[in-house]
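>>> Next one to model:
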Amino acid sequence: MKLQFIIISILLLLGTSVMSQKAFEGIIIYKVDTHLKKKNHPYNEYFSQKYGDTLRVTIKQNGNMKREFIGSGELGYEWAIYDQNKNEFYTKWKSMDSIFYYDCGEVITDLQSFESVNGTTKILDKDCESIVIHSIEPNLNEHIHQKFFFSGDEKIIEGTYDGFKDGYLNRVYAQSKSHILRWEFEQMFVRVEFEAVSIEWKPIDNDVFKIPKGITLVKS
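All right, here's what the predicted structure looks like:
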């Protein structure tokens with residue numbers, strides 16, 4: 001279960017000249033493409049429903065984030081919230097009555113490589129640099145490949161995600177200094193791509209990031 005949270009931990013984050021000088025607050029919409037790698041594999045139904053076709057990410061300057069998985073199936077995610085103050089990640093699955101959460105300071109994979117990529121890629125007419133990460137989940141001996149693209153425009157406050165060690169995101173943000181505009185994630189049976197299609201700078205109410213009451217919390 002914990003490994004499943006990594007892929008959304010990710011997971012994936014993002015004017016005027018004034019905007020470019022301050023930390024980003026607002027909403028980034030991503031298109032989601034899920035590629036099933038094994039024909040007729042028993043996990044295909046699960047992976048095809050898991051992420052939906054659109055990801056809406058609401059971001060506060062202080063680092064709080066909410067992800068809403070639009071178009072996901074009954075086996076997929078409904079939403080996920082990162083509480084920057086607690087450094088905890090909360091996830092609600094459509095098919096489950098509980099909310100699962102974990103400490104983002106923990107790392108459950110073994111890092112094999114962390115590299116910057118030469119050249120840039122255009123995303124929303126922005127020149128984006130990229131970082132490639134290769135890690136292994138030791139219990140399953142499963143290789144995980146990730147690629148993060150960032151423009152540097154959707155800035156974060158320095159140190160905001162220093163505690164987010166899960167998925168090595170602390171290192172990603174320390175280098176990018178901005179939110180992510182494209183994220184590629186590949187495991188044994190699936191490859192998923194999240195790419196930003198719109199960025200909106202706007203004030204966000206703190207209530208957006210409140211964990212609903214009356215639902216059982218399960219630590220994973």
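
>>> Which element is encountered next along the chain beyond the lowest-mean-pLDDT helix or strand in the chain?
One helix or strand of the chain scores below all others by mean pLDDT, DSSP states H and E: helix 2-6, with a mean of 55. Downstream of helix 2-6, the first helix or strand assigned by DSSP states H and E is strand 26-36.

>>> what is the rounded mean pLDDT of that next one?
Across strand 26-36, the average pLDDT comes to 98.

>>> so how many other residues sit close to residue 202?
Residue 202: 8 surrounding residues under other C-beta atoms under 10 Å. No exception for glycine: its C-beta is placed from N, CA and C like everyone else's.

>>> thinking residue 220 is in contact with residue 104, fair?
No: using C-beta atoms under 8 Å, residue 220 is not in contact with residue 104, being 11.9 Å away.

>>> Between these two, point out the one with more neighbours.
Each of residue 220 and residue 104 has its neighbours counted (other C-beta under 10 Å); residue 104 has more, 23 against 12.

>>> C-terminal to the longest strand along the chain, which secondary structure element comes first?
Longest strand in the chain by number of residues (criterion: DSSP state E): strand 110-123. Going down the chain from strand 110-123, the next helix or strand is strand 126-137, by DSSP H and E.

>>> any weak-confidence spans in the protein?
Within the chain, the stretches with pLDDT under 70 are 1-21.

>>> Return the residue of it that is most distant from the centre.
Each residue of the chain has a distance to the centre, and by C-alpha atoms, centre = their mean the biggest one is for residue 40: 27.5 Å.

>>> for that one, phi and psi?
Main-chain dihedrals, residue 40, degrees, to the nearest 10: phi 60, psi 30.

>>> quick one: it from residue 57, how far?
Taking C-beta to C-beta, to the nearest Å as the measure, residue 40 falls 33 Å from residue 57.

>>> Pull up the gap between residue 37 and residue 51, please.
In terms of C-beta to C-beta, residue 37 sits 15 Å off from residue 51.

>>> go on, residue 161?
In terms of C-beta to C-beta, residue 161 sits 22 Å off from residue 51.

>>> Look at those two and report which has more neighbours.
With neighbours defined as other C-beta under 10 Å, residue 161 and residue 51 compare such that residue 51 has more, 27 against 24.

>>> The more buried one and residue 32 touch, don't they?
Yes: between residue 51 and residue 32 there is a contact at 5.0 Å, judged by C-beta under 8 Å.

>>> and for these two, which residues touch both?
Overlap of the contact sets of residue 51 and residue 32 (by C-beta atoms under 8 Å, 6 or more residues apart in numbering) consists of 192, 194.

>>> which residue packs closest to residue 126, ignoring adjacent ones?
Leaving aside its chain neighbours, residue 126 sits nearest to residue 151 (3.9 Å; criterion: C-beta to C-beta, 6 or more residues apart in numbering).
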